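Trainee: let's see this in three dimensions:
(one chain, ligands or ions: 1)
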Amino acid sequence: MLDISEFWRIPVSLGAIRALGVVVGLGAGVTVTGVGDRRGGPLVVGVELVGRPCCGGCGGRVHGHGSSTVRLADLPAFGRAVRVGWRERRWLCPEESCAVRMFTDQDPTVAPPRARMTSRAARHAARRAGLGRAISEIAAELGAGWHTVMAAVHRWGSALLEADTNRVEGVTALGLDEILMFRRGRYRDKHWGTTIVDTRRGRLLDIVAGRSADGATAWDCHFLCVRGVV
Ligand SMILES: [Zn+2]
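Mentor: Numbers count the residues shown, from 1 in each chain. Alright, predicted model coming up:
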């Protein structure tokens, strides 16, 4: 049962914008600039970074030079699809000898450059895909396009796989098998992959592109030889 006394730990003096920022939860360096609520559409949360950055080249003061807004798919909230409208400000460095002339706001905790989903939504999608959910299901859940979700899963899933070295611990024998991944093009050309399996535990470790020995050998060297597993 919920203990109502817990609520007293929440600072009740939060201003409306700050309170909204806590609900949206994109970090202390981000402020909410507005909320768009068009009937039948996703909830659109406008955000921008707080404060004026320094030049990354010379560390000097920079001047504002307009902005553009990117629209990012985010996690659903309150039963609705959500889009984050991030107003990315552009900045000019006035120092003539500086190698940095112009740059835009960047905050990978919101989204990496050129992404179409927030970082948290992309991590969520990658985790779901890792559990075997179809990309189309995840896209429907987030109210996002198939290609948007696939790009995010590829980007974040690759990083997660690279960081996950535990799965190769204790591997003593590998099994390789070619698999037809998909057909593409006018002549429905076959595109192959090679599955790499821990044969002792019967566990899939990875899939590499192609069915020649090169891809699997490169994977072996990267994950096993270099780490001294075998
Ligand atoms: Zn500079």
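Trainee: what are the contacting residues of the lengthiest helix in the chain?
Mentor: The residue-count maximum for a helix in the chain (DSSP state H) belongs to helix 146-163. Contact with helix 146-163 is made by 73, 112, 115-117, 121-123, 125-126, 129-130, 135-136, 138-139, 142, 206, as judged by CB atoms under 8 Å, 6 or more residues apart in numbering. All C-beta spots, glycine's among them, are computed from the backbone N, C-alpha and C.
Trainee: next: stretch 99-118.
Mentor: 26-27, 29-30, 47-49, 53, 55-58, 65, 68, 70-75, 84, 86, 88-93, 119, 122, 125, 142, 144, 148-149, 151-152, 155.
Trainee: can you flag the buried ones in those?
Mentor: Neighbour counting with 16 or more other CB atoms under 10 Å marks 26, 30, 47-49, 55, 70, 72-75, 84, 86, 88-89, 91, 93, 119, 122, 125, 142, 144, 148-149, 151-152, 155 as buried within the contacts of stretch 99-118.
Trainee: what residues does the protein have near the ion?
Mentor: Counting by CB under 5 Å from the ion, the residues of the chain close to the ion are C55, G57, C58, C93, E95, C98, V100.
Trainee: now those residues as a markdown table including pLDDT?
Mentor: Putting the residues of the chain next to the ion into a markdown table (pLDDT from 0 to 100) gives the following:
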| residue | pLDDT |
| --- | --- |
| C55 | 94 |
| G57 | 93 |
| C58 | 94 |
| C93 | 96 |
| E95 | 94 |
| C98 | 94 |
| V100 | 93 |
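Trainee: still on that earlier bit, I'd like the next helix or strand past the longest helix of the chain.
Mentor: Using DSSP states H and E, the next helix or strand after helix 146-163 towards the C-terminus is strand 174-184.
Trainee: sorry, back to before: show me which positions of the longest helix of the chain end up buried.
Mentor: Neighbour-count burial for helix 146-163 flags T148, V149, M150, A151, A152, V153, R155, W156, G157, L161 (criterion: 16+ other CB under 10 Å).
Trainee: any idea how far the ion is from the second one?
Mentor: Separation of V149 from the ion (CB to the ion, to the nearest Å) stands at 37 Å.
Trainee: how close does that residue sit to W156?
Mentor: Going from V149 to W156 by CB to CB, to the nearest Å gives 11 Å.
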